[in-house]
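Novice: Need coordinates for the following:
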Amino acid sequence: MKVHERIDGRLQAFLAAQPVFFVATAPSGPGGHVNLSPKGMAGTFVVLGEHRVAYLDYHGSGAETMAHLEENGRITLMFCAFQGPPNIVRLHGRGRAVPVTSPEYAGLLRVFPEPPDTHAVRAVIDVAVERVSDSCGFAVPLMAYEGDRDLLIRAHERRTDADLAEYRRVKNAASIDGWPLFAEHE
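Specialist: Residues are numbered from 1 along each chain as shown. Sure, this is the predicted structure:
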């Protein structure tokens, strides 16, 4: 394992080339559930600086990442090379969710140069990266990338903004551990 001072050009190119990454968060203390979510779709992740990254968080069945970030801010993003030379890069840091309901949301959305349809984005996750490391990845399998799925975009394209607000209020009102979310913010 090697710890890097920053996200340099080589690491930025590696991160940009990966079609999937994983996001891990957890509540403070001994209780609660650790969350680990896969993320993907071209154009949804961006490096904003040597110590800052962001990704688009679309409406989904849960909102654990947002709940954990609101509670303690801790987050780790992990990228694995499934093609080419083996490598695993982890970005440890402090994150914050900027929900679609925030006045800051529109400005952050503009930092994504080529996002897919953003109609169903519920938040931008903004991460101040405190630690950058990579490791060998020798046991990560080689897998072929066939392309992005369009199911998430298609699932939400028929919903109006009001429908999405209702979705957040009903389906994302609280985390699985009971942390309140969008019900209080809408």
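
Novice: who's in contact with the residue of the chain most remote from its centre?
Specialist: The C-alpha centroid of the chain is most remote from F138, which lies 24.7 Å away (C-alpha atoms, centre = their mean). Listed by C-beta atoms under 8 Å, 6 or more residues apart in numbering, the contact set of F138 reads P86. Just so you know, the C-beta spots here come from the backbone N, C-alpha and C atoms, and that holds for glycine as well.

Novice: What helix or strand is it located in?
Specialist: Taking DSSP states H and E as the definition, one finds F138 inside no helix or strand.

Novice: Could you measure from it over to S28?
Specialist: 34 Å (C-beta to C-beta, to the nearest Å).

Novice: Where do the strands of this protein begin and end?
Specialist: With strands called from DSSP state E, the chain shows them at 2-4, 20-25, 35-40, 45-49, 52-58, 74-80, 88-99, 121-135.

Novice: low pLDDT regions in this protein?
Specialist: Along the chain, segments meeting pLDDT under 70 span 183-186.

Novice: any idea how far the residue farthest from the centre of the chain is from P85?
Specialist: From F138 to P85 the distance is 10 Å (C-beta to C-beta).

Novice: for F79, same thing?
Specialist: For F79, the distance to P85 - C-beta to C-beta - is 13 Å.

Novice: higher neighbour count, the two?
Specialist: Each of F79 and P85 has its neighbours counted (other C-beta atoms under 10 Å); F79 has more, 23 against 8.

Novice: residues touching the more buried one, list them.
Specialist: F14, L15, Q18, F21, F22, I88, V89, R90, L91.

Novice: same question, S135
Specialist: For S135, the contact set (C-beta under 8 Å, 6+ apart) comprises M1, K2, N87, I88, R90.

Novice: For beta bridges, what are the partners of it?
Specialist: Under DSSP bridges, the beta-bridge partners of S135 are I88.

Novice: Show me the residue at the heart of this structure, geometrically.
Specialist: By C-alpha atoms, centre = their mean, the chain has its centre lying nearest to Y55, at 4.8 Å.
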